[in-house]
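Visitor: the amino acid sequence is not available; the structure is as follows:
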């Protein structure tokens, strides 16, 4: 006898604003910003400033002097626009992966030439894409040759698959590289959850596969097995 199961994969997301302004501070906390969004980093001063420099995580610089109005004197990243006034010095840009990390702003007062440094820590949010797949093995074979940790992507009509009573299946949800790291929740008649994490050392993105083991039982006929992936944000936004 064969039994039919449906595997449902879902990603839970919340809407975020596409344009933000973040104020630089001496004791900066991490701000999560969405890849591709418009971002303005702002530095306000108590006194009029003479020189202002913004330094990116990739060591690019945007700087200006101000006598009557700001005049750019260094420009190493054309996509970043410096905008300033008598008591503020800002940069505005479209967020890319290279913007992940600490930004520093340095300003010199036009009156006493004292220097002030402020910081903004940015974590660039990238949405993971969820994939699923399976390996089917007879229960006895799986004991000696487990396949946990591998995903074989397959296409099943209406996301259903068939098992014979006693057969075992290893189901996997794979979150492609994203940030923040994903969290998985499985529902249904499952057991033995395992995770396999991969981190790209050249960037901050994280990929993860989460797998479970199921052995077919008559009472589970036509039941659902679901995998939900959540990317939790500490300061609001997507989850």
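Guide: Noted; the coordinates are in hand. Everything quoted here is computed from the prediction, not taken from an experiment.

Visitor: which ones are touching the residue nearest in space to the middle of the chain?
Guide: The chain has residue 179 as the residue nearest its centroid, 1.8 Å off, counting by CA atoms, centre = their mean. With contact set as CB atoms under 8 Å, 6 or more residues apart in numbering, residue 179 has these partners: 100, 123, 124, 125, 126, 204, 205, 206, 231. (Glycine included, C-beta is placed from N, CA and C.)

Visitor: spatially nearest residue to residue 19, not counting backbone neighbours?
Guide: residue 38 (4.2 Å; CB to CB, 6 or more residues apart in numbering).

Visitor: do the same with residue 199
Guide: With CB to CB, 6+ apart, the residue lying closest to residue 199 is residue 206, at 5.4 Å.

Visitor: pretty sure the one you found contacts residue 195?
Guide: No. With contacts counted by CB atoms under 8 Å, residue 206 stays clear of residue 195, the gap being 11.5 Å.

Visitor: the two: which is more packed in?
Guide: Between residue 206 and residue 195, counting by other CB atoms under 10 Å, residue 206 is the more crowded of the two (20 against 13).

Visitor: check what pLDDT that one gets.
Guide: pLDDT recorded at residue 206 is 89.

Visitor: which strand residues bridge the residue nearest to the centre of the chain?
Guide: Per DSSP bridges, the residues bridged to residue 179 are residue 126.

Visitor: against residue 125, how distant is it?
Guide: Using CB to CB, to the nearest Å, residue 179 is found at 6 Å from residue 125.

Visitor: count of neighbours near residue 79?
Guide: Residue 79: 11 neighbours (other CB under 10 Å).

Visitor: just to revisit the earlier point, pull up the gap between the residue nearest to residue 19 and residue 92, please.
Guide: 7 Å.

Visitor: mind giving me the domain split of the chain?
Guide: As recorded under automatic domain parsing, the domains making up the chain are 2-14+127-231, 36-125.

Visitor: and the last one, end to end?
Guide: Distances were taken as CA to CA, to the nearest Å; on that basis the terminal residues of domain 36-125 are 9 Å apart.

Visitor: do stretch 103-116 as well
Guide: End-to-end distance for stretch 103-116, by CA to CA: 14 Å.

Visitor: repeat that for stretch 171-186.
Guide: 10 Å.

Visitor: what's around residue 161, how many residues?
Guide: Neighbour count for residue 161, taken as other CB under 10 Å: 19.

Visitor: could you check the distance from it over to residue 94?
Guide: Distance from residue 161 to residue 94, by CB to CB: 43 Å.
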